[in-house]
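Asks: Provide a 3D model corresponding to the input given below.
(chains A, B, C, D, E and F)
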There are 4 protein chains.
Amino acid sequence: MPKLGMEPIRKAQLIDATLESVERYGLQNTTVATICKIAGLSPGIISHYFGGKQQLIEATVWYLIKSLQTELLKKLNEQPGVGHKERLNLLIDSNFSQIQTTTKASATWLSFWAQACHDPALARLQLINERRLFSNIKYSIKHLVEEDVVDIKSHTLAAMIDGLWMRGSLEYGTVDLEQASSICKHFVNSL
Amino acid sequence: MPKLGMEPIRKAQLIDATLESVERYGLQNTTVATICKIAGLSPGIISHYFGGKQQLIEATVWYLIKSLQTELLKKLNEQPGVGHKERLNLLIDSNFSQIQTTTKASATWLSFWAQACHDPALARLQLINERRLFSNIKYSIKHLVEEDVVDIKSHTLAAMIDGLWMRGSLEYGTVDLEQASSICKHFVNSL
Amino acid sequence: MPKLGMEPIRKAQLIDATLESVERYGLQNTTVATICKIAGLSPGIISHYFGGKQQLIEATVWYLIKSLQTELLKKLNEQPGVGHKERLNLLIDSNFSQIQTTTKASATWLSFWAQACHDPALARLQLINERRLFSNIKYSIKHLVEEDVVDIKSHTLAAMIDGLWMRGSLEYGTVDLEQASSICKHFVNSL
Amino acid sequence: MPKLGMEPIRKAQLIDATLESVERYGLQNTTVATICKIAGLSPGIISHYFGGKQQLIEATVWYLIKSLQTELLKKLNEQPGVGHKERLNLLIDSNFSQIQTTTKASATWLSFWAQACHDPALARLQLINERRLFSNIKYSIKHLVEEDVVDIKSHTLAAMIDGLWMRGSLEYGTVDLEQASSICKHFVNSL
DNA sequence: AATGAATGAGTCTTCATTCAT
DNA sequence: CATGAATGAAGACTCATTCAT
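Replies: Numbers count the residues shown, from 1 in each chain, chains lettered A, B, ... in the order given. Reported below is the predicted structural model:
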């Protein structure tokens, strides 16, 4: 009998390699060949485990979204009973620390986002994530501001996070990650 | 006998067709063929006038940036002697009205931005634009807030504009253009 | 501890699965994967028992030819001492009933035949079968017609059988199986 | 301006090369590469002129069917006012001489036919041809035999032609082309 | 000036086969 | 005996670019 249970291992390997490739070359220049070379596997394996390149891309985005979510939950669980202002700060850290762990994650994310505008499957995933961020923010903002500006303040913070992340994707940009984080926290503080 | 002065006409035609194609199909799916079909010209013409597809893309981004700039200047000139708060509102309108004139302009812009992360020539153009937006904002913010928070408030507004634009690129997203504009103006007002 | 005597069982399983697959998808679209899925076995098994896909195909054709032969002999043995005209009718029935038992057997046969034109091993098998049919026909025709037209009448009948079978392979064709059989019998009767 | 009007020339070239390739290697082993190598053109050209390999195959079959038709009409026109028995002989000659002009045309034809069983577009073409042959035969047979056996005799002749052609596709088969022709004519004579 | 015919490198995908277990 | 993980060569197709006209 051959080695059993390789599927989850290979899938994880391929998703990692995809992230690596998109980071290095961009989604546009990421090919089955670049992914497989990084993974140290043969080109056929992608069709074998994911059915095709496109599905691998989608699985990778889904993995990214789940990671973001997981990281946030972990941070929140570490500090139970935290206040709402502090909770927002954790949320902000969670969003920007992701960038630090994975270099150029913002560029990767942006690649996927741009593609999503013309790819329903990806768009669906991005929307799920966008809504999750918004409701997470709103949940805490409710306790910090007047009811009539809850939505507007929530949108403001969500937009700031996305905007700063996007701006961070350009090397030599005017904002770095720590700045991004502190700009957002400044806003939270001013509420 | 060659027609004289065709160059600017053809170049404009091709840039328009490029914008149209990126809007319709995304940058990824925009090919020399799609551009030329829209322009009603033959594929050879791109190399002839721009040297290649890549340079046409860059010229298109440059055109977009100049348009944005031009539109802002026009708006400002129409209302000379405007106050700084009002000047920021004009700047916001200018940014979001661009979206209205060209449907899916945000998706187009996002396509170019994502590409820029892996393309130095485009990155340079994006940086120019990013810095111009920032200094434009800062110029007015200076007169509205304490000196020690000028930078942070400027970054906040710049990030909001970009973030809302990006979020607008996803169809069925949680924000529409008018909302985006009013969210930014709300922020300006709160300064 | 290996199970003994699996070889004939597995070989039969795989030949059956091959016939099934060629029927369903055509020889062109029959892959090791389709065969093994139908057989409920793993892809490695084909190389193990037959040495490769090609040899399995050949074994399958050989099985088909033997079946045809077997069926004819069975029919003849059931009615010993039958006259030559009746014997030809049995031969005709034998050929066309094969089609009835296995739907699309004609398409399967045709697939193999077409392949045979460019595959010596298959061609050899087809020739054996072609000659067997011809001599079977001739054996009886001898007793029914003048000596100088034995060959020509034999060829005529053989060609008719093949031609009708081939035409039957196209769905919505102009002849069905019962017609085919009666057309041949009409010819035998006219001798 | 480039050379204009290349389309019909290239299309004919590619159809010829396809016939050549199917003759040499069989339909199964005919690839874009084999066709283009024979045609002396590059692989991209097939998509350019036919949209894809499959459509080239279909165009080739259609060309074959039209050729068969054209050849028959030419033969008939050369001998206007010919009797019905003689007309059938011309039809037989037309069918079998095709084999002579194009070597191994029978194998080519058989390849296409086998494929047709699993390809609706090809099946449609084959049916058109099958019906045309049948009605051509019937048109003359009507004048040679009793009304109640017109159909059966027509089917017989049509099946004979196809069957002999198919048998001719196997090298070293038991029938050659002249024999095939004379076997059919013998049948016509016996009516 | 402009065409569009043609190229051919590059992409994704398929699939018969191998081999450690 | 049998598995199924993995391979990698070969397939069809795409597309930016070139060039004769």
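Asks: ok, stretch A:4-14 near DNA strand E or not?
Replies: No. Judged by CB under 7 Å from any atom of the strand, stretch A:4-14 stays clear of DNA strand E, getting no closer than 8.0 Å. In this view, the C-beta of every residue, glycine as well, is placed from N, C-alpha and C.
Asks: buried sites along that stretch?
Replies: A:R10, A:K11, A:Q13, A:L14 (16 or more other CB atoms under 10 Å in any protein chain shown).
Asks: check stretch A:74-82 too.
Replies: Going by 16+ other CB under 10 Å, stretch A:74-82 has these buried residues: A:K75.
Asks: ok, longest helix in chain A?
Replies: helix A:53-78 (DSSP state H).
Asks: centre of the chain to the helix or strand following that one, how far?
Replies: Sequence order places helix A:84-101 as the next helix or strand after helix A:53-78, per DSSP states H and E. Remark: helix A:84-101 is offset 12 Å from the chain centroid, using CA atoms, centre = their mean, to the nearest Å.
Asks: packing partners of the helix or strand of chain A with the lowest mean pLDDT?
Replies: Least confident element among the helices and strands of chain A, by mean pLDDT, DSSP states H and E: helix A:84-101 (a mean of 84). Packing contacts for helix A:84-101, counted by 3 or more CB pairs under 8 Å, 6 or more residues apart in numbering or on different chains; DSSP states H and E, involve helix A:53-78, helix A:105-116, helix A:120-141, helix A:150-168, helix A:177-189.
Asks: for those, which one sits closest to C:S47?
Replies: Across the helices and strands packed on helix A:84-101, C:S47 has its closest neighbour in helix A:53-78 (29.2 Å, CB to CB).
Asks: below-threshold pLDDT in chain A: ranges please.
Replies: Judged by pLDDT under 70, chain A has its weakly predicted residues at A:1-2, A:98-104, A:171-174.
Asks: so stretch A:9-24, near DNA strand F or not?
Replies: Yes. Residues of stretch A:9-24 are located near DNA strand F by CB under 7 Å from any atom of the strand, namely A:I9, A:R10.
Asks: go through the buried residues of stretch A:4-14 and name the one nearest C:A105.
Replies: Out of the buried residues of stretch A:4-14, the member with the shortest distance to C:A105 (by CB to CB) is A:R10, at 41.5 Å.
Asks: test my guess that the closest one contacts A:G40.
Replies: No. Taking CB atoms under 8 Å as the definition, A:R10 is not a contact partner of A:G40, at 11.0 Å.
Asks: just checking, A:W113 touches A:Q126?
Replies: Yes. Counting by CB under 8 Å, A:W113 touches A:Q126, with 6.0 Å between them.
Asks: common neighbours of these two, please.
Replies: B:L170 (CB atoms under 8 Å, 6 or more residues apart in numbering or on different chains).
Asks: who has more neighbours, these two?
Replies: A:W113 (29 against 22; other CB atoms under 10 Å in any protein chain shown).
Asks: so what's that one up against?
Replies: Counted by CB under 8 Å, 6+ apart, A:W113 has contacts A:Q126, B:L110, B:A114, B:M166, B:S169, B:L170.
Asks: how close does A:W109 sit to B:A114?
Replies: 9 Å (CB to CB, to the nearest Å).
Asks: ok, A:W62 next?
Replies: 19 Å.
Asks: who has more neighbours, these two?
Replies: Taking neighbours as other CB under 10 Å, A:W62 and B:A114 compare with B:A114 leading, 28 against 16.
Asks: and the angle for the least confident helix or strand of chain A with helix A:105-116?
Replies: 90 degrees (axes from the mean of the first three to the mean of the last three CA atoms, to 10 degrees).
Asks: circling back to that earlier point, got JSON lines for the buried residues of stretch A:4-14, with secondary structure and distance to chain B too?
Replies: JSON lines is the format used below for those (DSSP: H, G, I helix; E, B strand; the rest coil; distance: CB to the nearest CB, whole Å):
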{"residue": "A:R10", "secondary structure": "helix", "distance to chain B": "27"}
{"residue": "A:K11", "secondary structure": "helix", "distance to chain B": "25"}
{"residue": "A:Q13", "secondary structure": "helix", "distance to chain B": "23"}
{"residue": "A:L14", "secondary structure": "helix", "distance to chain B": "21"}
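Asks: list just the nearest of these to chain C.
Replies: A:R10 (17.8 Å; CB to the nearest CB).
Asks: leaving out the residues flanking it, which one is nearest to the closest one?
Replies: A:Y49 (5.5 Å; CB to CB, 6 or more residues apart in numbering or on different chains).
Asks: the one helix or strand that neighbour maps to and DNA strand F, any residue contact?
Replies: Element membership of A:Y49 [criterion: DSSP H and E] is helix A:44-50. Yes. Using CB under 7 Å from any atom of the strand, helix A:44-50 comes into contact with DNA strand F via A:G44, A:I45, A:H48.
Asks: PyMOL command to pick out the buried ones of those residues?
Replies: Buried members of those, defined by 16+ other CB under 10 Å, are picked up in PyMOL with:
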select buried, chain A and resi 45
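Asks: any idea how far chain C is from the residue of chain A found nearest DNA strand F?
Replies: DNA strand F sits closest to A:G44 of chain A, with a gap of 1.9 Å, by CB to the nearest atom of the strand. Distance from A:G44 to chain C, counting by CB to the nearest CB, to the nearest Å: 13 Å.
Asks: please apply the same query to A:I35.
Replies: 23 Å.
Asks: now do A:T18
Replies: 26 Å.
Asks: give the contact list for that residue.
Replies: A:T30, A:I35, A:L56, A:I57, A:T60.
Asks: near chain D, from those residues?
Replies: Applying CB under 8 Å from any CB of the partner chain, the subset of the contacts of A:T18 adjacent to chain D is empty.
Asks: so which of those residues wins on neighbours?
Replies: A:I35 (28 neighbours).
Asks: quick check: that one touching A:S42?
Replies: No. The pair A:I35 / A:S42 is not scored as a contact, 11.1 Å apart, by CB under 8 Å.
Asks: can you list the residues of chain A near DNA strand E?
Replies: Counting by CB under 7 Å from any atom of the strand, chain A sits next to DNA strand E at A:1-3, A:29-33, A:43-44, A:46-48, A:52-54.
Asks: ok, and the most crowded of the residues you listed?
Replies: Neighbour max across the residues of chain A next to DNA strand E (other CB under 10 Å) = A:T30, 26 neighbours.
Asks: so how far is A:G52 from that residue?
Replies: 14 Å.
Asks: which parts of the least confident helix or strand of chain A are buried?
Replies: A:R87, A:L88, A:N89, A:L90, A:L91, A:I92, A:D93, A:S94, A:N95, A:F96, A:Q98, A:I99.
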